[in-house]
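**Q** Show me the folded form of this:
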Amino acid sequence: MNKYQRFLTTLLLLFVAGTSLSCTSEVKDLIDIALDPPSRQSIDRSRTGVNNFFVNREFGSIPEQYSEIQGTLGLNFVRILIAWTNEVQPTPDAEPFYGFFDEIIESVPPGVDILITVAHTPDWMADPANWIGGNPRATWIERWLRPTVERYAGRPGVLAWQVWNEPDNTVVASDTALELTDPANYFELLALGSEVIRRTDPTRLLVLAATRSIQQGSGTNLDYNKDLQNLGAESLVDIWAIHYYGEQFEQVVRGGGVADFVNSLRPPVWVTESGEMGPDGQLAYVETVWPFLDEEFPGKIQRFYYYQYGETGPPDGNFGLRMNGPVFISDLYAFLAG
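**A** Take a look at the predicted model:
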């Protein structure tokens with residue numbers, strides 16, 4: 001698609017969506033994006049991290065994966081997931097098993113910091129009989145977040161806690177019980193979680209859960225963020241997190257769009273997930289999208305976490321820097337390792 005076709009496509013999409021183009025400055029911004037899309041620029045490695053959940057041992061042991069991330073790729077920020085699953089706590093009466101998570105925390109090398117994302121529920125949380133005081137969100141706090149924070153409070157390498165992941169999107173069936181697709185319910189979870197984290201591990205940062213890619217979803221993902229801001233979430237967190245996949249640059253620059261929202265935030269921003277599928281397009285993606293976001297959100301973004309270190313499955317359909325096979329790597333991996 002040439003630049004003029006891109007321009008016409010942008011206007012057509014806006015017309016179909018019913019977007020008003022009455023604002024002259026907005027029209028100019030959209031025309032600029034259509035006729036002169038963002039160009040590639042070098043990324044700032046010092047602000048770059050990576051998601052890694054350490055579940056794919058074909059990429060090495062936990063210490064070996066940390067060593068590769070830090071020593072080979074030169075990255076010092078890792079986002080991990082501590083998920084409450086059936087394997088971790090199969091019944092309400094069972095003691096949660098932290099062995100896998102203990103190994104992740106205990107293996108953090110000097111010079112690396114981790115962002116711990118705490119999320120999900122075991123199947124038995126779908127039964128209201130297992131809730132404390134009839135409140136599933138309070139139950140999640142007391143039975144999972146609190147003991148997890150207490151266990152890892154003060155541990156070397158832990159920089160920040162993130163309360164949940166993409167609350168606007170339910171990916172585990174039992175998570176439906178928490179009803180987090182309603183921003184008011186996530187705000188309640190965040191408020192309860194903030195109190196626990198501030199009391200138990202007060203020197204760590206508190207990070208908002210990012211929604212699905214903020215510029216996608218026909219505006220609903222952005223609206224969820226706006227609802228949290230209106231509810232007062234800025235006062236509860238140190239960092240506002242967003243996810244960014246795909247392009248849709250016009251949704252960033254349009255009036256009332258992503259740029260206007262992000263630039264209105266008081267806390268700094270971490271992009272806790274962003275990436276591209278396939279081994280050959282990752283470098284071009286981050287060198288185009290990330291500098292564009294920096295330009296549109298001047299001084300706001302402190303970190304970008306690429307999604308993700310390693311992923312199995314067909315290479316063209318996953319986001320991994322490392323893919324199937326011991327030496328199959330993406331162009332972004334090769335760049336970082338070069």
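**Q** A helix includes Asn103, no?
**A** Quick fix: residue 103 reads Glu, not Asn. Yes - under DSSP: H, G, I helix; E, B strand; the rest coil, Glu103 falls within a helix.
**Q** Give me the nearest residue to it, chain neighbours excluded.
**A** Excluding its sequence neighbours, the residue lying closest to Glu103 (Cβ to Cβ, 6 or more residues apart in numbering) is Ile62, at 5.4 Å. Placement of C-beta: from N, CA and C, glycine included.
**Q** Same check on Phe54?
**A** Ile62 (5.1 Å).
**Q** try Val163
**A** Going by Cβ to Cβ, 6+ apart, Val163 has Gly193 as its nearest residue, at 4.1 Å.
**Q** what about the one you found, helix or strand, and which?
**A** Gly193 is located in helix 183-200, with elements delineated by DSSP states H and E.
**Q** which helices and strands does that helix pack with?
**A** On a contact count with 3 or more Cβ pairs under 8 Å, 6 or more residues apart in numbering; DSSP states H and E, helix 183-200 meets helix 136-140, helix 146-152, strand 158-163, strand 205-207, helix 220-231.
**Q** For the first one, give the mean pLDDT please.
**A** Same thing as helix 136-140. What helix 136-140 shows for mean pLDDT is 98.
**Q** so where is the stretch 101-250 of the chain shaky, pLDDT-wise?
**A** For the stretch 101-250 of the chain, no stretch is flagged by pLDDT under 70.
**Q** which residues of this protein fall in strands?
**A** 48-51, 77-83, 113-119, 158-163, 205-207, 240-243, 269-274, 301-306 (DSSP state E).
**Q** quick one, what contacts the residue nearest to Thr181 when sequence neighbours are not counted?
**A** Once flanking residues are discounted, Thr181 sits nearest to Asp168: 5.7 Å by Cβ to Cβ, 6+ apart. For Asp168, the contacting residues are Leu180, Thr181, Pro183, Tyr186, Thr211, Arg212, Thr220, Asn221, Tyr224, by Cβ atoms under 8 Å, 6 or more residues apart in numbering.
**Q** Now distance to Ala119 too, for those residues, in CSV please.
**A** Conversion of the contacts of Asp168 to CSV gives the following (distance: Cβ to Cβ, whole Å):
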residue, distance to Ala119
Leu180, 10
Thr181, 14
Pro183, 17
Tyr186, 12
Thr211, 13
Arg212, 14
Thr220, 20
Asn221, 17
Tyr224, 16
